[in-house]
Structure formats: C-alpha cells, structure tokens
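Enquirer: I'll drop the sequence and a predicted model, then ask my questions.
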Amino acid sequence: MLEVLFLFLILIAGVVLGPMLAGRQGYVLVQTDTYNIETSVTGLVIMLVLLLVVLFALEWLLRRVFRTGARTRGWFLGRKRTRARKQTKAALLKLAEGDYLQVEKLLTRNADHAEQPVVNYLLVAEAAQQRGDEFRTRQYLERVAEMADTDQLPVDITRVRIQLARNEDHAARHGVDRLLAYAPRHPEVLRLAELASQRTNAYGALLDILPAMRKTQIRTEEELEALRQSALLGLM
C-alpha cells in the first residue's frame, strides 16, 4: 500500500513539476454556454488533487459523525435498558407486596427496552386485572400479542387465567380448548383446564385430561382418583 502511494506521489510530482521545469505547462480550455475556464495542465492536475483531498476529508468527517451518532444512540439505549432492568426488579418487589398500581407504573415505563418485554407486559396485564381495570388489561394483552408474534402460548395462558379471575368461565373454557389443541401436556394449561371444566360442569372434558395430568404429575394419585369420582358423579 505504501509503495502504491509513493508511486502515485511521484506520478503527481512528475505531472506538475515536469512541464513547469520544461517551461511548457500546456493549455486546457473548458467551455460552456455562459463562461470559459482556461488553465494549464499543471493547474488542472493540482485542482483534481485538491478535489480528491476534499472528498477524502468529507468522507472521513461523515464517517466520524455517523460513528459518533451510532455510539450516542447505543449509549441512550444502554441507559434505557439499565433503567428498565432496575424498574423490573422494583416491580417484582411491589408485586410481592401486592401494590399492583406501582407494578403497572414501573413495568410500563421502559417495557419496550426490557430484556423480556413480553414478560413485562404479561405481568402488567395481570396487575391491571388485579386492580379491576378491564380496559387496560385488554390493551396490554393486545400489545403483548403483537410482540409475541408466533409464540402466543404465554399470552393465551395469561388471557385464560385473567378470564377465570373475572369468572368468565365459558370464555375461559373456550380458550382452554384451543390451548389443549397445541399444548396438551403443558402443566399450567392442564391446571387451567381442570378449573375451567369444573366451573362449567364439563365432566367429560375433565375425564379426558386426567391421563395427561397423571403423566405430568401435577396431581397425586389420590387427587386424580377424587377428580375421576367427582367427574363420574357429575356425569350421572
């Protein structure tokens, strides 16, 4: 690289100094409709070199500006992520205390910059449900459904859990049926299915999930037998 640069400098020096020393610098005419530009070959070469220098300087300056901009954006994003992490920790403590209003405030401030935004919004939805704010609960669930994209299982589980908390038993039962279709052995899905089936007197559905409950071991054998007896009595 240095050899090429050295040869380039020698070439420029030859083009510039050669005609000057020989006393014949040549003549260049650039003619337009409104004006003429007259110069020597040496002057033209000098102007081209200066133009290249200016272009390289502009490129260097723009590179520095954009690099600085990227660093600045990275610094701001890093601050937001750090703040979101601290607020999430504080919100979990408030959740343990049962202060759902503070949980909602802390988790929503920088939820989009949290390490797990979906988890934050799910917790916020449940906090809003605990406060009895149905509008915000629905709003948070819609937001997290957009963010979760193809992984809708935690969103649907949270929605069913909230429906059961509101005593919307038949809506919860409908949601549980969809959950069982693609997560038939998920422990939380089975727990929700058990509760929804009991509340809606869907004893046949309760009997259907008993084998999966036995395999996942979410109930003891005594509890499963009691559920089976209860479901059979309900059917009769």
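Expert: Perfect, thanks for sending it. Numbers count the residues shown, from 1 in each chain.
Enquirer: Next up, the contacts around Glu223.
Expert: By Cβ atoms under 8 Å, 6 or more residues apart in numbering, the contact set of Glu223 is empty. (Each C-beta comes from the backbone N, C-alpha and C, glycine too.)
Enquirer: Could you measure from it over to Met213?
Expert: Distance, Glu223 to Met213, using Cβ to Cβ, to the nearest Å: 9 Å.
Enquirer: For Leu101, see how far away Ala91 is.
Expert: Remark: distance between Ala91 and Leu101 (Cβ to Cβ) = 11 Å.
Enquirer: And these two? Which one has more around it.
Expert: A direct count of neighbours by other Cβ atoms under 10 Å for Ala91 and Leu101 places Ala91 higher, at 26 against 13.
Enquirer: For that one, give me the pLDDT.
Expert: At Ala91 the predicted local confidence, pLDDT, stands at 79.
Enquirer: ok, now Ala165?
Expert: Listed pLDDT for Ala165 reads 89.
Enquirer: That one: neighbour count?
Expert: If we define neighbours as other Cβ under 10 Å, then Ala165 has 13 of them.
Enquirer: swap in the one 3 residues further on?
Expert: Each residue near Glu168 was counted by other Cβ under 10 Å, and the total is 15.
Enquirer: go on, Asp99?
Expert: Using other Cβ under 10 Å, Asp99 has 15 neighbouring residues.
Enquirer: Look up how far Tyr121 lies from it.
Expert: Per Cβ to Cβ, Asp99 is found 18 Å from Tyr121.
Enquirer: Thr200 too?
Expert: As judged by Cβ to Cβ, Thr200 and Tyr121 stand 28 Å apart.
Enquirer: Looking at the two, which one has more neighbours?
Expert: Tyr121 (27 against 16).
Enquirer: Can you verify my assumption that that one contacts Glu142?
Expert: No - using Cβ atoms under 8 Å, Tyr121 is not in contact with Glu142; the gap is 9.7 Å.
Enquirer: Could you list the buried residues of stretch 216-231?
Expert: Using 16 or more other Cβ atoms under 10 Å as the test for burial, stretch 216-231 gives 216, 218-219, 224, 227, 231.
Enquirer: Name the nearest of those relative to Val160.
Expert: Distance to Val160 across those (Cβ to Cβ) is lowest for Ile218, with 16.0 Å.
Enquirer: Kindly export the strand or helix carrying Val119 (C-alpha atoms) in CSV.
Expert: When elements are assigned from DSSP states H and E, Val119 belongs to helix 117-131. The C-alpha coordinates for helix 117-131 follow below in CSV (Å, rounded to 0.1, in the frame of the first residue of the first chain):
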residue,chain,number,x,y,z
PRO,A,117,-40.7,-7.2,27.0
VAL,A,118,-43.3,-9.9,26.6
VAL,A,119,-42.9,-11.0,30.2
ASN,A,120,-43.2,-7.4,31.4
TYR,A,121,-46.5,-6.8,29.5
LEU,A,122,-47.9,-10.1,30.8
LEU,A,123,-47.2,-9.1,34.3
VAL,A,124,-48.7,-5.7,33.7
ALA,A,125,-51.8,-7.2,32.3
GLU,A,126,-52.2,-9.3,35.4
ALA,A,127,-51.5,-6.3,37.6
ALA,A,128,-54.2,-4.3,35.8
GLN,A,129,-56.6,-7.3,36.2
GLN,A,130,-55.9,-7.3,40.0
ARG,A,131,-56.8,-3.6,40.1
